[in-house]
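A.B. asks: Have a look at this prediction, sequence included:
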Amino acid sequence: MDKSTIRSRLLQCRKAMSRDARLAANERILRRITRLEAWQHARSMLLYLPVNGEVDTWPFFEDCMRRHVQVFLPCCRKQEPGCMDFFQVRNKDQLVPGAYNIPEPDPDQCLLMREPSADIVLVPGVGFDRHGFRIGYGGGYYDRFFARHPMDKALIIGLAFACQIMDQLPHDPWDKPVDMVVTEDEGITE
Ligand SMILES: Nc1nc2c(c(=O)[nH]1)N(C=O)[C@@H](CNc1ccc(C(=O)N[C@@H](CCC(=O)O)C(=O)O)cc1)CN2
Ligand SMILES: Nc1ncnc2c1ncn2[C@@H]1O[C@H](COP(=O)(O)OP(=O)(O)OP(=O)(O)O)[C@@H](O)[C@H]1O
């Protein structure tokens with residue numbers, strides 16, 4: 001199967017989850033993540049905010065705000081498709097509706113992260129495999145970002161529901177596996 005066929009199947013299965021199943025799964029993912037020692041010790045994180053039924057990261061954002069952990073969120077470049085930058089966000093009021101209707105940092109109010117580095121990176125995905133390879137919406141945003149900024153010191157965690165996990169996904173030379181994938185059922189590391 002090619003990437004785009006797999007992408008649409010995985011999106012379909014995520015969409016098919018009931019509201020209750022999604023809420024319960026989000027709750028379990030939250031518990032798994034916040035129990036991680038790395039999460040408890042992290043002082044800075046690159047997060048994302050959810051669209052289209054992705055794993056809900058608002059509770060992570062709130063947890064960071066409460067504990068004064070630095071949070072950086074992506075902002076898609078308008079002139080360069082497939083490129084994004086991270087900006088530091090200090091509160092919800094610094095967010096504006098962005099590309100694909102995802103809340104984004106307002107570049108006028110937020111500090112651009114010139115040399116990205118962080119303790120943890122949470123990565124969204126349409127699907128992941130057991131080796132940490134990821135398939136996204138096909139824009140190549142995270143691929144390009146990690147190519148420019150490998151984030152070698154960070155723990156890179158992919159978030160997904162169990163139905164989004166495949167044994168093996170096709171991957172291209174530019175795909176870089178995440179360090180860990182967390183679903184409601186398990187934490188997957190190699
Ligand atoms: N929450 C979140 N933020 C993110 C990403 C992401 O995957 N999730 N990105 C990671 O790359 C970047 C934005 N890229 C995106 C690319 C496409 C779509 C999107 O919704 N595409 C289709 C819908 C697909 C479908 O549901 O069928 C569309 O254009 O309508 C969303 C984000 C940066 N921020
Ligand atoms: N490092 C890179 N430099 C230039 N182009 C890249 C790079 N990485 C990926 N691309 C391009 O991005 C496109 C999308 O790649 P791919 O299908 O792997 O996206 P994806 O991982 O599903 O998307 P996303 O990261 O946005 O969620 C490909 O056409 C590829 O050529």
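C.D. replies: Happy to help now that I have it. Ligands and ions are numbered 1, 2, ... in the order given.
A.B. asks: and the residue lying closest to residue 177 once chain neighbours are set aside, what does it touch?
C.D. replies: Leaving aside its chain neighbours, residue 177 sits nearest to residue 132 (3.3 Å; criterion: Cβ to Cβ, 6 or more residues apart in numbering). For every residue, glycine as well, the C-beta is placed using N, CA and C. By Cβ atoms under 8 Å, 6 or more residues apart in numbering, the contact list for residue 132 reads 158, 177-181, 188, 190.
A.B. asks: Just the ones in strands from these, please.
C.D. replies: Mapping those onto strands (DSSP state E) picks out 158, 180-181, 188.
A.B. asks: Mind putting those residues into a markdown table with pLDDT?
C.D. replies: Listed next are the ones in strands among the contacts of residue 132 as a markdown table, based on pLDDT from 0 to 100:
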| residue | pLDDT |
| --- | --- |
| 158 | 98 |
| 180 | 98 |
| 181 | 98 |
| 188 | 98 |
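A.B. asks: For those residues, could you give me JSON lines that also reports distance to ligand 1 and neighbour count?
C.D. replies: Listed next are those as JSON lines, based on distance: Cβ to the nearest ligand atom, whole Å; neighbours: other Cβ atoms under 10 Å:
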{"residue": "158", "distance to ligand 1": "11", "neighbour count": "27"}
{"residue": "180", "distance to ligand 1": "18", "neighbour count": "20"}
{"residue": "181", "distance to ligand 1": "15", "neighbour count": "28"}
{"residue": "188", "distance to ligand 1": "19", "neighbour count": "18"}
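A.B. asks: how about these, which pair is most distant?
C.D. replies: Farthest-apart pair in these is 158 and 188; separation 8.5 Å (Cβ to Cβ).
A.B. asks: Between these two, which contacts overlap?
C.D. replies: Counting by Cβ under 8 Å, 6+ apart, the residues touching both residue 158 and residue 188 are 128, 132, 180-182.
A.B. asks: can you tell me which two in the residues you listed are farthest apart?
C.D. replies: Greatest spacing in the shared contacts of residue 158 and residue 188, by Cβ to Cβ: 132 and 182 (11.3 Å).
A.B. asks: Between those two, which contacts overlap?
C.D. replies: Common neighbours of residue 132 and residue 182 (Cβ under 8 Å, 6+ apart) are 158, 188.
A.B. asks: Is it correct that residue 117 is in contact with residue 150?
C.D. replies: No - if you go by Cβ atoms under 8 Å, residue 117 and residue 150 don't touch, sitting 10.2 Å apart.
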